[in-house]
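K.L.:
Sequence first, predicted model second:
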Amino acid sequence: MGGSSSKEGSWRQGSSYHSNPPSWDSHQGYPQTSYGQENHSFPPQYSYAEPQCYPYSQPEPQQHYPPLQPEPQYHPSPQDRVGDKKKLQRKYSKIADNYNCLDQVTEALAIAGLESSNLIVGIDFTKSNEWTGKRSFNRRSLHHIGDGSNPYEQAISIIGKTLAAFDEDNLIPCFGFGDASTHDQDVFSFYPDERFCNGFEEVLSRYRELVPYLRLAGPTSFAPIIEMAMTIVEQSGGQYHVLVIIADGQVTRSVDTQRGQLSPQEQKTVDAIVQASKLPLSIILVGVGDGPWDMMKEFDDNIPARAFDNFQFVNFTDIMSKNIAPSRKETEFALAALMEIPSQYKATIELNILGVYITGFDGDFQSICCAVVEREIFLREFHYLLLDTVHHLSTA
């Protein structure tokens, strides 16, 4: 989400986030995303003093003013700047779920200036999908392709309905991970030529084409898809993105992992989430199937050392199993997935990482000015949202 975008080029080049070499070599040279930014030009401001006229017979009076004293300027010390940033990081280390209905979230997203979506989708193709639908999907694989929709298709469809209004260019980078070609080391693009899906309808159709030809494997790690998303954000010029990961369970944890310690896959996932909090990137993990979800809830609430709370877990199975109308299920799911996005977007602004903080950014003056203008617009419109919310609460 952010500004209008056109995506092309190679993502792999110049990435500083991939810590592991890929376990396969058939996917090289992801296209680089090139995002066009609007040029903001403002007319110069002039002030004209009213001319004073005097009779020719009288000399123009002399005016005497006391000498101007320079105004004292405050320059915060490096210690003060570090302290201010730490206060902001503490403020956004845990973001509360702020809204009660989908309309409030949709309105907050629009008012926050998120006119268009920069979405990234990641799909879990690990082998556990074959048995984690035992209770929730009638013992079938969660990737079962049949006449009806499987849980992955349902989640993709609902996400598409929710975010379609904010998707301007309709281009969605889609990746899979955890299959026999990537394991826990890499991701693969939905298309061999690395092109994007054009809208969520194409995401669904391409998903159905791919599944019969994939061999589910493992182990499970979210680090590769998060690292790919960071690369996309970095090479977009620091625009705000939302990564939606749809997965069937927890990151792999072997039986010999001691209590209180993390498995290698868990540690790499935690490290990736922490690193991602330095970029304008929100992560939504949608859990399908039977779970378990204990570690996902830990990722949501208790990862330390993040610049801001950038991770939201949504239990898709729990919501869709409720005895309510399908439209209400969709609304509850969308609300749970999106309710932290307005606060997360604001956090990227106040922490000064939106549009400015990326590895290797050359910081030209025009780009910095555009980022400042965007921040000012957001803060003003967010203030209007708060006033409107107070009005609704007082009249309810």
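P.N.:
Looks like it arrived, so ask away.
K.L.:
thought Gly218 was touching Phe125?
P.N.:
No - under the criterion of Cβ atoms under 8 Å, Gly218 makes no contact with Phe125, lying 9.2 Å away. (Each C-beta comes from the backbone N, C-alpha and C, glycine too.)
K.L.:
okay, these two: which has more neighbours?
P.N.:
Neighbour totals were compared for Gly218 and Phe125, and Phe125 leads with 25 against 18 (other Cβ atoms under 10 Å).
K.L.:
what residues are up against the more buried one?
P.N.:
With contacts defined as Cβ atoms under 8 Å, 6 or more residues apart in numbering, Phe125 is in contact with 143, 176-179, 214, 216-217.
K.L.:
hmm, who's touching stretch 197-212?
P.N.:
Outside stretch 197-212, the residues touching it (Cβ under 8 Å, 6+ apart) are 121, 123, 143, 145, 152-153, 156-157, 159-161, 164, 167, 170-174, 176, 190-191.
K.L.:
do that again at 10 Å, thanks
P.N.:
With contact meaning Cβ atoms under 10 Å, 6 or more residues apart in numbering, stretch 197-212 is reached by 119, 121, 123, 125, 141, 143-145, 149-150, 152-153, 156-164, 167, 169-174, 176, 179, 188-191, 196.
K.L.:
Next, the buried residues of that stretch.
P.N.:
197, 199-200, 202-204, 207, 210-211 (16 or more other Cβ atoms under 10 Å).
K.L.:
Pipe these into JSON lines and attach distance to Ile353, secondary structure and pLDDT per row.
P.N.:
Shown next, in JSON lines, are these (distance: Cβ to Cβ, whole Å; DSSP: H, G, I helix; E, B strand; the rest coil; pLDDT from 0 to 100):
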{"residue": "Cys197", "distance to Ile353": "28", "secondary structure": "strand", "pLDDT": "95"}
{"residue": "Gly199", "distance to Ile353": "29", "secondary structure": "coil", "pLDDT": "91"}
{"residue": "Phe200", "distance to Ile353": "28", "secondary structure": "helix", "pLDDT": "92"}
{"residue": "Glu202", "distance to Ile353": "31", "secondary structure": "helix", "pLDDT": "96"}
{"residue": "Val203", "distance to Ile353": "28", "secondary structure": "helix", "pLDDT": "96"}
{"residue": "Leu204", "distance to Ile353": "33", "secondary structure": "helix", "pLDDT": "97"}
{"residue": "Tyr207", "distance to Ile353": "32", "secondary structure": "helix", "pLDDT": "98"}
{"residue": "Leu210", "distance to Ile353": "34", "secondary structure": "helix", "pLDDT": "98"}
{"residue": "Val211", "distance to Ile353": "37", "secondary structure": "helix", "pLDDT": "98"}
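K.L.:
just the helices in the stretch 101-250 of the chain please.
P.N.:
With DSSP state H, counting those that start in this stretch as the criterion, the stretch 101-250 of the chain has helices at 102-111, 151-163, 200-210, 223-235.
K.L.:
Overlap in contacts, Gly218 and Phe125.
P.N.:
178-180.
K.L.:
about what we covered before: tell me which of the helices of the stretch 101-250 of the chain lies nearest to Val314.
P.N.:
Smallest distance to Val314 across the helices of the stretch 101-250 of the chain (Cβ to Cβ): 9.0 Å, for helix 151-163.
K.L.:
Show me which positions of that closest one end up buried.
P.N.:
Under 16+ other Cβ under 10 Å, the buried positions of helix 151-163 are 151-160, 162-163.
K.L.:
Pull that helix out as PDB, backbone CA atoms only.
P.N.:
This file holds the C-alpha atoms of helix 151-163, laid out as PDB (Å, rounded to 0.1, in the frame of the first residue of the first chain):
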ATOM      1  CA  PRO A 151      -8.900 -23.300   2.600                       C
ATOM      2  CA  TYR A 152      -6.000 -21.600   0.700                       C
ATOM      3  CA  GLU A 153      -8.400 -20.600  -2.100                       C
ATOM      4  CA  GLN A 154     -11.000 -19.400   0.400                       C
ATOM      5  CA  ALA A 155      -8.400 -17.200   2.100                       C
ATOM      6  CA  ILE A 156      -7.000 -15.800  -1.200                       C
ATOM      7  CA  SER A 157     -10.500 -15.000  -2.300                       C
ATOM      8  CA  ILE A 158     -11.500 -13.100   0.900                       C
ATOM      9  CA  ILE A 159      -8.200 -11.200   1.000                       C
ATOM     10  CA  GLY A 160      -8.800 -10.200  -2.700                       C
ATOM     11  CA  LYS A 161     -12.300  -8.900  -1.900                       C
ATOM     12  CA  THR A 162     -11.000  -6.900   1.000                       C
ATOM     13  CA  LEU A 163      -8.000  -5.300  -0.600                       C
END
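K.L.:
going forward can the numbers begin at 15, since that is how I track them
P.N.:
Let's use 15 as the start, then, which means that last one is helix 165-177.
K.L.:
who does that helix touch, helix- and strand-wise?
P.N.:
Using 3 or more Cβ pairs under 10 Å, 6 or more residues apart in numbering; DSSP states H and E, the elements in contact with helix 165-177 are helix 116-125, strand 133-138, strand 185-186, helix 214-224, strand 255-261, strand 295-301, helix 330-334, helix 340-352.
K.L.:
which other helices and strands contact the second one?
P.N.:
The helices and strands touching strand 133-138, judged by 3+ Cβ pairs under 10 Å, 6+ apart, are helix 165-177, strand 185-186, strand 188-191, helix 214-224, helix 237-249, strand 255-261, strand 295-301.
K.L.:
What strands flank it, and is each parallel or antiparallel?
P.N.:
Paired with strand 133-138 in the same sheet, following DSSP bridges, are strand 188-191 (parallel), strand 255-261 (parallel).
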